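> sequence-free structure coming up:
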């Protein structure tokens, strides 16, 4: 709702004052930052020249003081950088709050704070407690939670601003509803090469996830276009603001692939925070499994299925199932139970090691440890016992223990023997087993089990530095992966986001992500995001039919552009180029999404000489979004103004591939063309 001319003039004066204060603060802070750098350079020079005159105690004191000074300087630099970010757009919203004592608070909301000379807040960081009122309430009674407790009052007004180059272009009084003018303006904007922050249009259901501090583990089921990834990144920014001693280096994001990691790389910096650590589960598998030359990526695993290169689907399905976890555990428990040292031995002519003694250590004293870690502890124990506390002979004892054991640290052989054991529920010949065990590249489905086996027998790597773990596209991880992750990050909190309808793993499916509660039992909360902000109602209506959905709420206003179908194409190239030209004239991003790599290669060869197209493959990191070509399984998490969905007539989506079709179609924001 537009405001009166008088109110508009008041807002212009406020912006002018903020602009002046911001300019003065930047000028003064810039001088401080420059002086700090000069002083610190001089200090380091002095330290180098006089280091020989300090004793160890003095040196420790100097180093501690230096560390504190470095952190102070870095904080000042980070704040200076944030103020530079908001220079052209100092704030994006405001609210008027009347507290229980009758005091009126005029709160202007920004990406960071700004104080006047009397240390009064002029701008409030969007993550501060009182700013939650803007996202959570309409005008009327309200409350917010702060470190000092819960504060009640009345929200008198909510206002949003359109500011460019520090000039006021628009002011809107609004309530929290789907017709929010600023939200609709943002939704109407064409997509860009990378994901942007949406701090000015966060919705109430999203805010409940972002600001949740009560639950250590959040499991978020959100439909396509509900902003799951955006919510996750804004939650990270919020946690960095609110949790003491949490830095970007304490947070790890599991992304589906490198393409997606690059796509989200601008969001946190645009919110004034450093990017966090990022990885894929394939990175972990490649790091932990050294017995093979390579480990197959998840996308190649999926592509094998969709290009019909899996000779026995039932075997792969068993390897991906929850059932095999129990079978595998029984096998590994039995392996450990029957592990023993088969005879006594001499370390030299005098030192005699009794078989019963080391077996007692193996199964009783050190039974809390993984099997192969027990051998290491026993070797230390023997060295200490025989050599007056010295561990110098532990290598010798380790070698002797291994020589006299009925178990060997041969993980390939241990894994192979599972399929020959009575615990395995599929019948395979030794030749069939060797086909996947003796490959140079370990299949993805085998890599998960192999990694788990190594963790159980030799110990999972424990990542103490990581305090927060974010897992995106959670529906594509099976239960075993979550078990592995929960053991590696045993003391971390988790934010897990996904959509069971967007599962592209053809062998594994959740009915609901709430099933993960059994793994993250303590302080776990399941939340659903049921509104989609990405696609037009016409596209949503079509994608609903693919999976028989009816609970999707489309927020974007109608553009009255129906889904277009192209069938029985005799002139494919001509029609495709015509549609590309039409869409490129209207939109900044057009994607051609094919069912698989073979089709992507075909289309690329067909049009590459006619139009400049970016062909996205697994190892692609940077690409221009004006026209891209991508197979469906690599398009997850991305969005485009318009999409041309292509599949060959003799390679149509089958009933068990509906989720992949759903993923492909829901990448479109404004227009969707479907070929064949």
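That came through fine. Everything numeric in this text was worked out from a predicted model, so none of it was measured. Residues are numbered from 1 along each chain as shown.

> wait, what's in contact with the residue nearest the centre of the chain?
Nearest to the mean C-alpha position of the chain, by C-alpha atoms, centre = their mean, lies residue 253 at 3.6 Å. Counting by C-beta atoms under 8 Å, 6 or more residues apart in numbering, residue 253 makes contact with 232, 236, 261, 276, 277, 278, 279, 470, 471, 472. C-beta here means a position set from N, CA and C on the backbone, and glycine is covered the same way.

> how close does the first one get to residue 264?
Spelled out, that is residue 232. Noted for residue 232: a distance of 9 Å to residue 264, by C-beta to C-beta, to the nearest Å.

> also the fifth one?
Taking C-beta to C-beta as the criterion, residue 277 is separated from residue 264 by 13 Å.

> more neighbours, the two?
A direct count of neighbours by other C-beta atoms under 10 Å for residue 277 and residue 264 places residue 264 higher, at 20 against 14.

> what are the ranges of the helices in the stretch 501-650 of the chain?
Here the stretch 501-650 of the chain has its helices, by DSSP state H, counting those that start in this stretch, at 537-547, 572-586, 597-607.

> out of those helices, flag the one nearest residue 134.
Closest to residue 134 of those is helix 537-547 (C-beta to C-beta; 27.3 Å).

> hang on, residue 113 packs against residue 126?
No. Under the criterion of C-beta atoms under 8 Å, residue 113 is not in contact with residue 126, lying 9.8 Å apart.

> with neighbour numbers in mind, choose between these two.
residue 126 (27 against 16).

> which residues in the stretch 1-150 of the chain form helices?
According to DSSP H, counting those that start in this stretch, the helices that the stretch 1-150 of the chain contains are 5-50, 56-85, 132-136.

> lowest-confidence stretch among the ones you listed?
Ranked by mean pLDDT, the helices of the stretch 1-150 of the chain end with helix 56-85 at the bottom, a mean of 74.

> which residues touch residue 382?
347, 353, 358, 393, 394, 397, 401.

> the fifth one contacts residue 380, correct?
Yes. Residue 394 lies in contact with residue 380 (C-beta under 8 Å); the separation is 5.1 Å.

> so between the two, which is more surrounded?
residue 394 (19 against 15).

> how about the contacts made by that one?
Residue 394 makes contact with 376, 379, 380, 382, 383, according to C-beta under 8 Å, 6+ apart.

> what mean pLDDT does the helix or strand containing the second one get?
The secondary structure element spanning residue 379 is helix 371-386 (assigned by DSSP states H and E). pLDDT averaged over helix 371-386 equals 95, rounded to a whole number.

> next, count neighbours for residue 514.
Neighbours of residue 514 using other C-beta under 10 Å come to 15.

> the nearest residue to it once chain neighbours are set aside bridge partners, please.
In space, and not counting its chain neighbours, residue 514 is closest to residue 526: 4.5 Å by C-beta to C-beta, 6 or more residues apart in numbering. Applying DSSP bridges to residue 526 gives these bridge partners: residue 219.

> burial measure for residue 526, as a count.
For residue 526, using other C-beta under 10 Å, the count is 17.

> check what pLDDT it gets.
Residue 526 is assigned 94 on the pLDDT scale.

> low-confidence stretches in this structure?
Along the chain, the parts satisfying pLDDT under 70 run over 1, 36-70, 175-194, 521-522, 551-559, 621.

> in stretch 320-338, what counts as buried?
320, 321, 324, 325, 327, 328, 331, 332, 335, 336 (16 or more other C-beta atoms under 10 Å).

> for these, which one is nearest residue 309?
Here the nearest of those to residue 309, counting by C-beta to C-beta, is residue 320; it sits at 16.1 Å.

> ok, that closest one - contacts?
Residues near residue 320 by C-beta under 8 Å, 6+ apart: 445, 448, 478, 505, 507, 508.

> separation between the closest residue to it other than its chain neighbours and residue 319?
Once flanking residues are discounted, residue 320 sits nearest to residue 507: 4.1 Å by C-beta to C-beta, 6+ apart. According to C-beta to C-beta, residue 507 stands 8 Å off from residue 319.

> got any residues that touch both of these two?
Residues touching both residue 507 and residue 319 (C-beta under 8 Å, 6+ apart): residue 445.

> between those two, which one's more packed in?
residue 319 (22 against 18).

> nearest spatial neighbour of that one, skipping sequence neighbours?
residue 445 (4.2 Å).

> how many residues are close by that neighbour?
Neighbours of residue 445 using other C-beta under 10 Å come to 23.

> wait, it sits on residue 505?
No. The criterion here is C-beta under 8 Å, and residue 445 misses it with residue 505 at 10.0 Å.

> pretty sure residue 163 contacts residue 90?
Yes. Contact criterion C-beta under 8 Å: residue 163 and residue 90 qualify, at 7.0 Å.

> and these two? which has more neighbours close in?
residue 90 (23 against 20).

> mind listing what's buried along stretch 414-431?
Buried-residue list, stretch 414-431, by 16+ other C-beta under 10 Å: 414, 415, 416, 418, 419, 423, 424.

> and those residues, which is closest to residue 78?
The closest of those, once distances to residue 78 are taken by C-beta to C-beta, is residue 415, at 47.8 Å.

> what does the host helix or strand of the closest one rub up against?
Applying DSSP H and E as the criterion places residue 415 in helix 411-418. With contacts defined as C-beta under 8 Å, 6+ apart, helix 411-418 is touched by 291, 328, 331, 335, 424, 433-434, 437-438, 446, 449-450, 453-454, 457.

> likewise for stretch 604-615?
572-573, 576-577, 580, 592, 600, 620, 623-630.

> what packs against the longest strand anywhere in the chain?
Longest strand of the chain, by residue count under DSSP state E: strand 149-164. Here strand 149-164 touches strand 93-99, strand 140-146, strand 167-173, helix 181-188, going by 3 or more C-beta pairs under 8 Å, 6 or more residues apart in numbering; DSSP states H and E.

> rerun at 6 Å
strand 93-99, strand 140-146, strand 167-173 (3 or more C-beta pairs under 6 Å, 6 or more residues apart in numbering; DSSP states H and E).

> show me what the second one pairs with in its sheet, parallel or antiparallel.
Partner strands and pairing direction for strand 140-146 (DSSP bridges) are strand 149-164 (antiparallel).

> for residue 475, give its distance to residue 249.
Residue 475 is 28 Å from residue 249, by C-beta to C-beta.
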